[in-house]
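Participant: here is my input, please return the structure:
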Amino acid sequence: MKWYLKVLKNYAVFEGRARRSEYWYFTLISTIISIVLGLLVFWSRIPYLDTAYSLAVFIPSLAVAVRRMHDVNKSGWFILIPIYNLILAFTDGTQGPNKYGADPKRPEFDEFLNEAEPGLQQ
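Facilitator: You can find the predicted model right below:
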């Protein structure tokens with residue numbers, strides 16, 4: 001649940017990197033919520049409840065997908081390539097910093113690099 005809330009807190013942050021766990025836990029919880037809301041719409045006849053939720057999480061979903069592509073050192077535009085983006089979403093992120101930011105999985109690695117080579121990070 002913490003990953004879901006983290007993505008919602010970073011509502012429209014398209015910069016930086018997102019770990020696999022952040023992306024996939026958000027996707028899992030969002031899918032479960034969508035299914036539950038879809039069932040509520042079916043049973044209670046409250047129209048557009050599931051559509052409202054989908055619209056509410058559209059921007060955070062897009063932002064976390066772009067950050068996930070950044071974690072594997074790819075441009076956010078790679079989310080538009082149907083099968084390849086799924087392969088990248090399952091791929092482990094780049095170890096250490098890349099051009100999109102610090103490693104979210106191993107922040108201590110960035111500190112080590114800063115001590116070893118002070119001019120490496122900007």
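Participant: from now on I want contacts and neighbour counts done on CA atoms only, so please keep to that.
Facilitator: Fine.
Participant: buried residues, the longest helix seen in the chain. List them.
Facilitator: Criterion DSSP state H: the longest helix present in the chain is helix 20-44. Neighbour counts using 16 or more other CA atoms under 10 Å place 20, 22-27, 30, 34, 37-38, 41 of helix 20-44 among the buried residues.
Participant: again with stretch 68-80
Facilitator: 68-74, 76, 78-79.
Participant: among those residues, which are located in strands?
Facilitator: Among the buried residues of stretch 68-80, the subset assigned to strands under DSSP state E is empty.
Participant: looking at those residues, which is nearest residue 60?
Facilitator: residue 68 (12.1 Å; CA to CA).
Participant: quick one, what contacts the residue nearest to that closest one when sequence neighbours are not counted?
Facilitator: The shortest distance from residue 68 to any non-neighbouring residue, by CA to CA, 6 or more residues apart in numbering, is to residue 18 (4.7 Å). Counting by CA atoms under 8 Å, 6 or more residues apart in numbering, residue 18 touches 64, 67-68, 70-71, 104.
Participant: helices - which of those land there?
Facilitator: Residues of the contacts of residue 18 located in helices (DSSP H): 64, 67-68, 70-71.
Participant: which ones are touching the residue nearest the centre of the chain?
Facilitator: With distances taken as CA atoms, centre = their mean, residue 64 lies nearest the centre of the chain, 2.5 Å away. Residue 64 sits next to 7, 13-14, 18, 22-23 when contact means CA under 8 Å, 6+ apart.
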